[in-house]
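> attaching a predicted model along with its sequence, questions to come.
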Amino acid sequence: QVQLVESGGGLVQAGVSLRLSCVASGRTFNSYAMGWFRQAPGKEREFVAAISRSGGSTFYSDSVKGRFTISRDNAKNTVYLQMNSLKPEDTAVYYCAARGDWGSLTPYRYQYDYWGQGTQVTVSS
């Protein structure tokens with residue numbers, strides 16, 4: 001079992017940067033591939049980015065590629081999402097997720113086993 005706690009959200013203007021953090025409990029953080037998802041009002045939760053257990057591989061949705069960067073620090077049990085050049089359409093609740101059982105990184109929501117409570121990101125125009 002792992003617990004995930006996100007932080008770093010807020011209200012910002014378009015064009016600025018924001019960094020989200022997600023801290024995981026437990027001693028086996030490096031056994032989890034990690035992902036970030038987001039959910040805007042009235043929409044389904046969608047994939048944003050994923051990172052492998054070692055951090056050596058990453059994958060992004062087309063909508064954030066080139067603007068967002070996912071990274072992790074296994075010594076700190078933390079995964080990050082650096083968001084640059086934010087747009088109003090990035091407004092959503094952002095969730096981090098962990099895939100257990102030494103699974104590989106994946107964009108598919110159903111393959112993640114643990115979820116954080118989410119952090120709100122609002123981008124004004």
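Arrived safely, thanks for sending.

> beta-bridge partners for the residue nearest the centre of the chain, please?
The C-alpha lying nearest the average C-alpha coordinate of the chain belongs to Trp36 (C-alpha atoms, centre = their mean; 2.3 Å). Trp36 forms beta bridges with Ala49, Cys96, as assigned by DSSP bridges.

> got the contact list for it?
20, 22, 48-50, 70, 79, 81, 94-97 (C-beta atoms under 8 Å, 6 or more residues apart in numbering). Glycine gets a C-beta too; all of them are placed from N, C-alpha and C.

> how far away is Leu105 from Tyr60?
Distance from Leu105 to Tyr60, counting by C-beta to C-beta, to the nearest Å: 11 Å.

> so what touches stretch 54-73?
30, 34, 36, 46-52, 74, 78-86, 89-90, 105, 107.

> so how many other residues sit close to the closest residue in space to Gly9 that isn't next to it in sequence?
Nearest residue to Gly9, sequence neighbours excluded (C-beta to C-beta, 6 or more residues apart in numbering): Thr119, at 3.5 Å. Counted with other C-beta atoms under 10 Å, residues neighbouring Thr119 total 22.

> hang on, Thr119 packs against Val23?
No: using C-beta atoms under 8 Å, Thr119 is not in contact with Val23; the gap is 11.7 Å.

> how far off centre is stretch 16-24?
On the basis of C-alpha atoms, centre = their mean, to the nearest Å, stretch 16-24 sits 8 Å off its chain's mean C-alpha point.

> let me fix that: stretch 116-125
Mean-position distance between stretch 116-125 and its chain equals 12 Å (C-alpha atoms, centre = their mean).

> repeat for stretch 52-67
On C-alpha atoms, centre = their mean, the centre of stretch 52-67 falls 10 Å from the chain's centre.

> how about that stretch: buried residues?
52-53, 59-61, 64 (16 or more other C-beta atoms under 10 Å).
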